[in-house]
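K.L.:
Predicted model and sequence below, questions to follow.
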Amino acid sequence: MVLELCLGGELFAYLARQPRHCVSPSSAQFYAACVISAIEHMHSKDICYRDMKPENMLIDDRGFVKVRAPLRDALPVAPVDAKQQACLLLVPRVVATVD
């Protein structure tokens, strides 16, 4: 699998380098908008990503945030019983609808 090169590294590492591990309000709004856009795109493709954290977000060379999603772990979305649902909640995964 070939992934896009993201020269900015992880969002987590970027935040760790900032004073007090914080960014300006305008930067926080920009990064939040990037993440929301990524979530909207994934949901439009019937993908539910449940491991959203700064370690799984990469910054590209233009400063935009990209979500690193391990799609090899995609699971089909299907009606499940309570026991199966509890197991799905224990392991962070990408859940995709299979046609």
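P.N.:
Noted; the coordinates are in hand. Numbers count the residues shown, from 1 in each chain.
K.L.:
Now for V67: which residues touch it?
P.N.:
V35, A38, I39, M42, Y49, M52, N56, M57, L58 (Cβ atoms under 8 Å, 6 or more residues apart in numbering). The way it works is simple: take the backbone N, C-alpha and C, and place the C-beta from them, glycine included.
K.L.:
how about JSON lines for those, with distance to L11 and neighbour count added?
P.N.:
Shown next, in JSON lines, are the contacts of V67 (distance: Cβ to Cβ, whole Å; neighbours: other Cβ atoms under 10 Å):
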{"residue": "V35", "distance to L11": "9", "neighbour count": "17"}
{"residue": "A38", "distance to L11": "12", "neighbour count": "18"}
{"residue": "I39", "distance to L11": "14", "neighbour count": "15"}
{"residue": "M42", "distance to L11": "17", "neighbour count": "16"}
{"residue": "Y49", "distance to L11": "15", "neighbour count": "21"}
{"residue": "M52", "distance to L11": "11", "neighbour count": "14"}
{"residue": "N56", "distance to L11": "9", "neighbour count": "17"}
{"residue": "M57", "distance to L11": "4", "neighbour count": "22"}
{"residue": "L58", "distance to L11": "7", "neighbour count": "22"}
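K.L.:
Sitting in strands, which of the residues you listed do you find?
P.N.:
Of the contacts of V67, the ones assigned to strands by DSSP state E are Y49, M57, L58.
K.L.:
Need the residues that contact stretch 21-41.
P.N.:
With Cβ under 8 Å, 6+ apart, stretch 21-41 has contacts from L11, L15, Y49, M52, M57, G63, F64, V65, K66, V67.
K.L.:
The third one is in contact with M42, isn't it?
P.N.:
Put plainly, it is Y49. Yes. Applying Cβ atoms under 8 Å, one finds Y49 in contact with M42, separated by 5.5 Å.
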